[in-house]
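*Asks:* any chance you could fold what I've pasted below:
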Amino acid sequence: MNILVLGSCGREYSILKKLNNNNNKLFCIGDTVNPGIIDLGVTLLVLKNLKKKNITDICLKNKIEMAIIGPEKYLALGIVDYLEDINIKCIGPNKNMARIETDKYYARTLLKTNYLNNFNPKFKHFKTLNINESHKYYNFCKELNFNYVIKATGLNSGKGVKVSGVHFRNDLEGYLYSQEIIKNNQTVLIEEKLIGNEFTLMSYTDGQSTRDMPVVVDYKLLESGNKGDNTGSMGCITYSDHKSPFLNTKDIDTASHINKSIIEILNKDNNSIYKGIIYGSYIKCSNGEIKVIEFNARYGDPECVNVLELLDTNLLDIYKAIIDETLDSINVRYKNTNIISKYLVPKHYPIKYDSSYIIDKNWYSNNKENIIPSSINKIDNILFSTNSRTLVCFGTGNDMNSISEEINHKLLLKNFKYRNDIGFNKNINYKSSGIDIDNANTIVNNMKPFIQETINSNCIHNQGDYGGIVKIPDNYKHPVLISSIDGVGSKPSFLIKYNSDAYRIAGQDIVAHSINDILVKGADPLFFLDYIASDKLNNSKIIDVIKGMTHMCKQYNCPLVSGETAEMPNIYNKNEIDIAGSITGIAEKNHIIDGKKNIGVNDHVIGLYSNGLHTNGFSLIRKLFKNTKPNQSFIDWVSQPHTCYYNQIKLISHLKINALIHITGGGLIDNPPRVLTDDKCINIYKDNLLNDNFHYIQHHAGISDYEMYRTFNCGIGMMIVMDESNYKKTTEIFKNNKISFCRIGYISKRTTKPVNFI
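*Replies:* The predicted structure follows:
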């Protein structure tokens, strides 16, 4: 079948792209050399002199059997009448019926005189603005309280509409624009300004039946935030359910009823049959009423892109059914996915300049699958923009914001502009506020295999429930529960720049830190709870944290029974993750380690070495190395996870431990006094502190020994306080088990300070 598409811009490219799947010979008449149409293998005929005879001659020469009318200018020319006279079937109405688009006053009158006036806004028509008519004009504007719209009744490529408060600031500016319309041999419609949400419903029709397309939300104003001049359209969106969040089923049924009714009225009014597309532009007003903005007698552009990209039914079958008047037998199907289309336009658009801009061929080629070329010229193998809308970039998917962001990224071209806000979801729901529940659920499901490996015989709950249930082990006579909560702070924020395992290390850190915190009271770990939060949950990062946590939990028989994975945009900094943990341990009541009761003067203090900074002091480290990179040996050192001292302490658990001191935040200044009574002092040997890496920090920071002692562990992660007898036994056990330690100090009576460095 030989098929002709009239027009050579984006709308027509979309039609030809859809028809190209059939074994037909495709022709196109347009006024630009659209390279995309040529690439489809279509015979493109550039016709600068737009005359009916020229078009009909081309049709006869190429034996055209069907013609699809793209732009409204061909409808206004009456080309359908000529083509049908030579037995070429057309998708598009004849000139008289096309007045539904080409004469806005005619459209208003049809609604008013056919019991559909309740869908009209208030309006008045002016052919002239002589003294008498100007008086009527002024009175009507006054009646509308300056809330009105001025429309040229004829065709203006979507640019003949101006709105009070947007395009003109007062009645005088509006009046001058109305005079300009009349000077250009058109008439003026003054209409009530409607407040609400606009939408488009296009329908196929064979004159008897209609088949509605998905609802499209169009954006005609030039600038983001719905500001600036009117354009043909800067883009549109279609939702996966083919509706719109602000519409209900009744609203769509109303628009569908109006589309069908207007076809019936046109058929009756013109004693003919309307075949093709009816485009209804509607607004759902703030009071819930549906009103007609205007009608078009063809596909919208780029609305056409959305509906044809979603179309699952063979387009040629639809066209044939329209011609054969069998549309009621066709089931027209569409894909259920979101789609956004955005126009890229020259930077001076909609003002017409003589200049045009080169479109990078590599960029065009790389993005071809999602590009609909529109007003593009190809000259000497170079792509040029025209004065009009250059091309459409579209995207599909589940999340509107993600689609829009992806399109925006593609459209960053020099000398061009676009609307970056189209498609960003303004409806208030959790996802639009930055919370992706589906993503969070996916991450939680991905955690489960790792968490399951930590579960032991004490756990009696179902994973994923509201809380973990753990029984008290049977071997305790007088059990007490000992709990602690803490976080890893900013360590991963520093480390991630240098170590890809930063989040796994942080997961190990928080478990080791937590076990140490309850260990100092003599407790064994019973269960662990995690808290992981960020501005945007990232699956790979969160799973790395969980891998680190569960690795440590398995080593120390500490089940991870519950937790929280939170997404909180605007609370957390971008790309930062807050990692915290809460642990509950268990001990026999009479085995609790209590330094304030047990520590005696002359007790020895054993120091167990740290293997790095553990999780403290990283705010200073981040500031210190904000603009410089530390050496690799230092990075390797600070990358070490927090040492867990559980196994070392269990080796001596049969001995009398007077106190354990976990050196965390506050370092050697603030931690030891936690276990001391007011009359005792801990004396710490300075020679056992500040290894080369700590000196490296001190040198770069230029801080005192005291500040180092208060900020870092300074090489000692855990202190053990024992009397003489148990000290000797412990040193022997540690030596036999090759555990590194030192005598870090001793206990004395306090004279001034609780901690003394000697």
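*Asks:* quick one: buried residues of stretch 155-171?
*Replies:* 155-156, 158, 160-164, 166-168 (16 or more other Cβ atoms under 10 Å). Where you see a C-beta, it was placed from the backbone N, CA and C, and this is true even at glycine.
*Asks:* that one: end-to-end distance?
*Replies:* End-to-end span of stretch 155-171 (Cα to Cα, to the nearest Å): 24 Å.
*Asks:* and the buried residues of stretch 155-171 as a markdown table, adding distance to residue 132 and pLDDT?
*Replies:* Converted to a markdown table, the buried residues of stretch 155-171 look like this (distance: Cβ to Cβ, whole Å; pLDDT from 0 to 100):
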| residue | distance to residue 132 | pLDDT |
| --- | --- | --- |
| 155 | 28 | 84 |
| 156 | 27 | 78 |
| 158 | 32 | 63 |
| 160 | 25 | 77 |
| 161 | 26 | 88 |
| 162 | 24 | 89 |
| 163 | 26 | 89 |
| 164 | 23 | 87 |
| 166 | 29 | 80 |
| 167 | 27 | 83 |
| 168 | 23 | 83 |
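*Asks:* which among those residues gets closest to residue 332?
*Replies:* In terms of Cβ to Cβ, no member of the buried residues of stretch 155-171 lies closer to residue 332 than residue 158, at 26.3 Å.
*Asks:* now do the contacts for residue 512.
*Replies:* Counting by Cβ atoms under 8 Å, 6 or more residues apart in numbering, residue 512 touches 552, 641-644.
*Asks:* what about the helices in the stretch 101-250 of the chain?
*Replies:* Remark: helices assigned in the stretch 101-250 of the chain by DSSP state H, counting those that start in this stretch are 104-113, 131-143, 171-183, 249-270.
*Asks:* select, out of these, the one closest to residue 199.
*Replies:* helix 249-270 (7.6 Å).
*Asks:* what packs against that closest one?
*Replies:* Under the contact criterion of 3 or more Cβ pairs under 8 Å, 6 or more residues apart in numbering; DSSP states H and E, helix 249-270 touches helix 104-113, strand 196-205, strand 210-212, strand 276-285, strand 290-296.
*Asks:* let me have these in CSV, extended by mean neighbour count.
*Replies:* Output for those, formatted as CSV (neighbours: other Cβ atoms under 10 Å):
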stretch, mean neighbour count
helix 104-113, 19
strand 196-205, 22
strand 210-212, 20
strand 276-285, 22
strand 290-296, 21
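*Asks:* mind checking which of these is nearest residue 714?
*Replies:* Using Cβ to Cβ, the nearest of those to residue 714 is strand 196-205, at 64.1 Å.
*Asks:* show the average pLDDT along that closest one.
*Replies:* For strand 196-205, mean pLDDT is 96.
*Asks:* how far does it sit from the chain's center?
*Replies:* Distance, stretch centre to chain centre, for strand 196-205: 26 Å (Cα atoms, centre = their mean, to the nearest Å).
*Asks:* in stretch 685-700, what's buried?
*Replies:* 688-690, 693-694, 697-698.
*Asks:* quick one, domains of the protein?
*Replies:* Domain segmentation of the chain under automatic domain parsing yields 2-91, 122-193, 195-336, 342-427, 430-592, 593-758.
*Asks:* reformat the ones you listed as JSON lines; add distance to residue 98.
*Replies:* Formatted as JSON lines, the domains of the chain follow (distance: least, Cβ to Cβ, whole Å):
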{"stretch": "domain 2-91", "distance to residue 98": "4"}
{"stretch": "domain 122-193", "distance to residue 98": "10"}
{"stretch": "domain 195-336", "distance to residue 98": "5"}
{"stretch": "domain 342-427", "distance to residue 98": "22"}
{"stretch": "domain 430-592", "distance to residue 98": "40"}
{"stretch": "domain 593-758", "distance to residue 98": "67"}
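*Asks:* right, and those domains - which one's nearest residue 102?
*Replies:* domain 2-91 (4.8 Å).
*Asks:* how far does the closest one stretch from start to finish?
*Replies:* Domain 2-91 has its terminal residues 14 Å apart, counting by Cα to Cα.
*Asks:* got it, and stretch 707-720?
*Replies:* Termini of stretch 707-720 sit 23 Å apart (Cα to Cα).
*Asks:* how distant is it from the center of its chain?
*Replies:* Taking mean C-alpha positions (Cα atoms, centre = their mean), stretch 707-720 and its chain are 44 Å apart.
*Asks:* rewinding a little: just the buried residues of stretch 155-171 now: which is nearest residue 567?
*Replies:* Nearest to residue 567 among the buried residues of stretch 155-171, with distances taken as Cβ to Cβ, is residue 166, at 37.4 Å.
*Asks:* next, work out how far apart that closest one and residue 229 are.
*Replies:* 9 Å (Cβ to Cβ, to the nearest Å).
*Asks:* can you check which residues contact both of the two?
*Replies:* With Cβ under 8 Å, 6+ apart as the test, residue 166 and residue 229 both reach residue 221.
*Asks:* of all the helices of the stretch 101-250 of the chain, which one comes closest to residue 742?
*Replies:* Nearest to residue 742 among those is helix 249-270; the distance by Cβ to Cβ comes to 77.6 Å.
*Asks:* returning to that earlier point: residue 407: which of the buried residues of stretch 155-171 is nearest?
*Replies:* Proximity of the buried residues of stretch 155-171 to residue 407, judged by Cβ to Cβ, is greatest for residue 158, which lies at 21.2 Å.
*Asks:* show me the strands in the stretch 501-650 of the chain, by range?
*Replies:* With strands called from DSSP state E, counting those that start in this stretch, the stretch 501-650 of the chain shows them at 524-534, 560-567, 577-588, 604-609.
*Asks:* centre of the chain versus the last one, how much separation?
*Replies:* Average the C-alpha atoms of strand 604-609, do the same for its chain, and the two points are 53 Å apart (Cα atoms, centre = their mean).
*Asks:* which other residues reach it?
*Replies:* Counting by Cβ under 8 Å, 6+ apart, 643, 645, 648, 682, 684, 688, 715-724, 727, 730-731, 734, 739-747 sit against strand 604-609.
*Asks:* just the buried subset of those, written out for PyMOL, thanks.
*Replies:* The following PyMOL line selects those of these that are buried, judged by 16+ other Cβ under 10 Å:
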select buried, resi 643+645+648+682+684+688+715+716+717+718+719+720+721+722+723+727+730+731+734+739+741+742+744+745+746+747
